[in-house]
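S.K.: build me a model from this:
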Amino acid sequence: MEPMKYLEELVIRYPVLASVKAEIKEAYEILENCYENGGKLLIAGNGGSCADAEHIVGELMKGFVKRRSVSQEFAQKLLEADPVRGKELADKLQGGLPAIALTGHPGLSTAFLNDVDGNLIYAQQTYGYGKKGDVLLGISTSGNSQNIMYAMAAARAIGMKTIGLTGRDGGQLKETADTAIVVPEKETFKIQELHLPVYHALCLMLEERFF
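M.R.: Numbers count the residues shown, from 1 in each chain. Take a look at the predicted model:
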């Protein structure tokens, strides 16, 4: 299936998302360009959006709906690296699209919270991990989460592209991200219910493109 067919299918299944179809396509193109050029995706969110960040990593870093077998060349290198374990590695390892959720580093996060400023934890991680050509995806149902906004500023300074995934009126995130997907809902849980099919579609489109 062509990547864009997943987008068409998304809008058929969730007609309410037709209003953000163009923004989803723009987000996909930003991510496609990032991965084509050897970049990675950083993802930040709070609460349910924190869980979404981890969920996205799970879909990108291993097979989603496809088996992402390693190349024959890499399979041979694994056998050469370890004749005992190489075949099992070659059979079971899967291709990944580099993605890091800025949510699962409690040692760093609590140290920065205690020593510096909790609002800047995601900005610090963005500064530490990010490089020009990478992408930061900030997820905020209100569009006004301050720790996300600080991370967005750090990403722009580095030369990263930024994507916002939000709701309501888009808030500050809509005004600052390179592209913002503002799902047409007002209540937090309803916004989150629409975020999932959006990022699933993006992950499916990327998997189709690269695997």
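
S.K.: all strands for the chain, in order.
M.R.: Ranges of strands within the chain are 41-45, 99-101, 135-139, 161-166, 179-182, based on DSSP state E.

S.K.: now those as a markdown table including mean neighbour count?
M.R.: In short, each C-beta sits where N, CA and C put it, glycine included. Below are the strands of the chain laid out as a markdown table (neighbours: other Cβ atoms under 10 Å):
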| stretch | mean neighbour count |
| --- | --- |
| strand 41-45 | 27 |
| strand 99-101 | 22 |
| strand 135-139 | 28 |
| strand 161-166 | 27 |
| strand 179-182 | 23 |
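
S.K.: wait, which of those is closest to F211?
M.R.: For those, proximity to F211 was assessed by Cβ to Cβ; strand 99-101 is nearest, at 14.4 Å.

S.K.: contacts for the closest one next, please.
M.R.: Strand 99-101 has contacts (Cβ atoms under 8 Å, 6 or more residues apart in numbering) with 40-44, 50, 53-54, 56-57, 60-61, 129.

S.K.: rerun that using 7 Å as the cut-off
M.R.: 40-43, 53-54, 56-57, 60-61, 129 (Cβ atoms under 7 Å, 6 or more residues apart in numbering).

S.K.: that older thread, wait, which of the strands of the chain is closest to R68?
M.R.: strand 99-101 (13.9 Å).

S.K.: mind listing what that closest one pairs with, with the direction of each?
M.R.: strand 41-45 (parallel) (DSSP bridges).

S.K.: quick one: average pLDDT of the strand it pairs with?
M.R.: In this model, strand 41-45 has an average pLDDT of 98.
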